[in-house]
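Undergrad: need a 3D model of the following:
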Amino acid sequence: MLDKPLMPCVVYRPSPSKMNMFTTQQFLEDIEDYLAAIATDIITEDVCIVGDFNLYLDKSEHPNTAQFLGILSELELQQLVTQPTHKAGHILDFVITGAESNTLSSVHVQDVCLADHSLLQFNIKGRTPSQPKVLLSRRAFKNVDRATLGTDLGEFTECTYAAK
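TA: The predicted model follows:
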């Protein structure tokens, strides 16, 4: 069951190119700052970060991947995707949550043939918020004596309101 509110986050990182001038090192610095800020919220909220980071998580020997995994470990976050998410056979898409969280489960990777990335599906444990109780009071019109009601209504006098 979801004991704390869930804070969903979506991150997309375009692949670095000469045109966009993005660098992986800059991304790692930015994502570390972002994740550190979010990690402080884990005390009061469960966090679910999903997205396309364009890092090869399956290549743990790669320095950028090792640095990213170190950031997650340092911030007590866990990455739940274990199967390739890209048609080239790499894990580029992530589902990240707190290391102690049990809010997310059953992460599935499904190739739906719509793009070069697969669909990520997962379950979120939770409960439906309780609805406030409303007391409804009704008259049982089936039991109303119509003759008495007609007589009672006929006894009302016309009301007029004076305009102010």
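
Undergrad: all helices for the chain, in order.
TA: Along the chain, counting by DSSP state H, helices occupy 24-39, 63-74, 146-154.

Undergrad: redo the ones you listed as CSV? Include mean neighbour count.
TA: (Each C-beta comes from the backbone N, C-alpha and C, glycine too.) Formatted as CSV, these follow (neighbours: other C-beta atoms under 10 Å):
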stretch, mean neighbour count
helix 24-39, 15
helix 63-74, 15
helix 146-154, 9
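
Undergrad: next, format these as CSV and append distance to residue 116 and mean pLDDT.
TA: Converted to CSV, the helices of the chain look like this (distance: least, C-beta to C-beta, whole Å; pLDDT from 0 to 100):
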stretch, distance to residue 116, mean pLDDT
helix 24-39, 19, 92
helix 63-74, 20, 94
helix 146-154, 73, 79
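
Undergrad: dump these to JSON lines, plus distance to residue 118.
TA: Shown next, in JSON lines, are the helices of the chain (distance: least, C-beta to C-beta, whole Å):
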{"stretch": "helix 24-39", "distance to residue 118": "22"}
{"stretch": "helix 63-74", "distance to residue 118": "19"}
{"stretch": "helix 146-154", "distance to residue 118": "68"}
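
Undergrad: and of the ones you listed, who's closest to residue 12?
TA: Closest approach to residue 12 among those (C-beta to C-beta): helix 24-39, 11.0 Å.

Undergrad: thanks again, I'm all set now.
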